[in-house]
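Asks: I'd like to go over a predicted model; first the sequence, then the structure.
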Amino acid sequence: IAEIKARARGSWAEVLSNTCGVALDSLNGRHCSCPSCGGKDRFRVFEDFAETGGTICNQCGSFADGISTVAWLRNCSCKDAVKLLGDYFHVSHATKPQMTDSDRQVRDRIYQ
């Protein structure tokens, strides 16, 4: 997640345009039609949008960062939004390492 946010910093407008189909002219900080609900004059981006990707719609709600904005616009979970953005930025998806037998033995000794 940190790697995705670092790569997107300063370019969230292009990211949302390319991954969610949001028109670039609606990401300028002015009130405009919501790309999700279509309501006129409801949607806008936060002042720090270029850095964070945060947006708000007076009907749909507020989304603190670009990952939650992508999840909202794509109607998916934040986990799926992270995967989508990881693919977009060519960031490999980290997986939880498998526990080895020696790791289990250490864990068991600690709990005993």
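Replies: Arrived safely, thanks for sending.

Asks: ok, the nearest residue to Ser26 once chain neighbours are set aside - how many residues close by?
Replies: Counting by Cβ to Cβ, 6 or more residues apart in numbering, Cys32 is the residue found nearest to Ser26 once chain neighbours are left out, at 4.5 Å. For the C-beta atoms, the positions are set from N, CA and C on the backbone; glycine is no exception. Applying other Cβ atoms under 10 Å, we find 18 residues neighbouring Cys32.

Asks: residues contacting the closest residue to Ser77 other than its chain neighbours?
Replies: Nearest residue to Ser77, sequence neighbours excluded (Cβ to Cβ, 6+ apart): Ala71, at 6.2 Å. Shown in contact with Ala71 (Cβ atoms under 8 Å, 6 or more residues apart in numbering): Phe63, Ser77, Cys78, Asp80, Ala81.

Asks: 10 Å instead, please
Replies: By Cβ atoms under 10 Å, 6 or more residues apart in numbering, the residues touching Ala71 are Cys20, Phe63, Asp65, Ser77, Cys78, Lys79, Asp80, Ala81, Val82, Leu84, Leu85.

Asks: any idea how far Cys20 is from it?
Replies: Separation of Ala71 from Cys20 (Cβ to Cβ, to the nearest Å) stands at 10 Å.

Asks: Flag the shaky bits of the protein, pLDDT-wise.
Replies: For the chain, applying pLDDT under 70 flags the ranges 93-97.

Asks: How are the strands of it distributed by residue range?
Replies: Assigned by DSSP state E, the strands in the chain fall at 43-45, 55-57, 61-63.

Asks: helices or strands up against the last one?
Replies: Packed against strand 61-63, as judged by 3 or more Cβ pairs under 10 Å, 6 or more residues apart in numbering; DSSP states H and E, are the following elements: strand 55-57, helix 66-74.
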